[in-house]
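>>> Here is my input, please return the structure:
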Amino acid sequence: MAEMDTSSGGGHKKGPGVKKSKKLSTRVDLTPMVDLGFLLITFFVFTTTMSQSTAMKMNEPKDDDSTQQIKVKNSGAMTILLGKGDQVYYYYGQLDPEKLSEQFKSTTFKQVRDIIVEKKKATPIDDLMYIIKSDKQSTFKNAIDILDEMSICAVPPGHYAEVDITPTEELLISKTEEANGIK
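Numbers count the residues shown, from 1 in each chain. Purely as a prediction, here's the structure:
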């Protein structure tokens with residue numbers, strides 16, 4: 001607590017009969033203040049809630065619907081293929097072997113949002129479908145990034161799906177990456 005020192009400080013006299021007043025010193029003990037600080041810290045540590053981990057909501061088909069296939073119009077379908085080196089490949093409708101060079105296009109994650117939005121604007125919402133396929137060389141980060149792009153572009157659930165890549169598409173990706181020097 002607080003303490004006062006009342007001991008005499010030597011009291012020199014200046015002249016006969018002059019009495020000098022005693023100097024008093026005060027000292028404040030801060031130990032209770034430190035105790036109070038630690039009590040407050042422990043109170044706030046125990047009463048706060050830590051941030052809850054959040055998970056991405058995935059729109060997965062129900063177990064009984066796994067055998068059903070959804071019919072998609074060719075004009076409304078866009079296939080997005082994820083390659084290595086943050087490369088994104090895409091084509092509209094089905095691949096035509098005679099028009100591969102015109103159909104199969106390459107882009108990056110910086111430009112894919114504009115392509116998704118353009119397709120969404122140009123296609124009636126009932127016909128719209130994005131098919132997402134990941135190459136063996138693509139990263140998990142790329143798969144999450146493309147799902148984030150779907151959320152950012154406000155593509156409704158059920159209008160995009162993750163599907164296994166076909167051997168033809170794998171070959172197209174590897175040949176394109178080889179030609180472009182992507183390692």
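
>>> Just the buried residues of stretch 133-152, please?
Within stretch 133-152, the residues scored as buried using 16 or more other C-beta atoms under 10 Å are 133-135, 137-138, 142, 146-147, 149-150. For glycine as for every other residue, the C-beta is placed from the backbone atoms N, C-alpha and C.

>>> Restrict that stretch to CA atoms and write it as CSV.
Extracted C-alpha coordinates of stretch 133-152, given in CSV (Å, rounded to 0.1, in the frame of the first residue of the first chain):
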residue,chain,number,x,y,z
LYS,A,133,-11.5,-30.4,-64.1
SER,A,134,-8.1,-30.6,-62.4
ASP,A,135,-5.0,-32.1,-64.0
LYS,A,136,-2.8,-34.3,-61.9
GLN,A,137,-0.1,-31.6,-61.9
SER,A,138,-2.4,-28.8,-60.7
THR,A,139,-2.4,-27.8,-57.0
PHE,A,140,-5.1,-27.9,-54.4
LYS,A,141,-4.8,-24.2,-54.1
ASN,A,142,-5.8,-23.8,-57.7
ALA,A,143,-8.9,-25.9,-57.1
ILE,A,144,-9.9,-23.7,-54.2
ASP,A,145,-9.1,-20.6,-56.2
ILE,A,146,-11.4,-21.6,-59.0
LEU,A,147,-14.2,-22.4,-56.5
ASP,A,148,-13.6,-18.9,-55.0
GLU,A,149,-14.0,-17.4,-58.4
MET,A,150,-17.3,-19.1,-58.8
SER,A,151,-18.5,-17.6,-55.5
ILE,A,152,-17.1,-14.1,-56.4
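
>>> Now, the buried residues of stretch 133-152 that are in helices?
Among the buried residues of stretch 133-152, DSSP state H puts 142, 146-147, 149-150 in helices.

>>> Show me which pair in those is furthest apart.
Asn142 and Met150 (13.1 Å; C-beta to C-beta).

>>> Packing partners of whichever strand or helix holds Pro32?
Following DSSP states H and E, one finds Pro32 within helix 31-47. Counting contacts by 3 or more C-beta pairs under 8 Å, 6 or more residues apart in numbering; DSSP states H and E, helix 31-47 is packed against no other helix or strand.

>>> and the helix or strand that comes right after it, which strands flank it?
Of the helices and strands lying after helix 31-47 in sequence (DSSP H and E), the nearest is strand 77-82. Strands that pair with strand 77-82, judged by DSSP bridges, come out as strand 87-92 (antiparallel), strand 129-134 (parallel).
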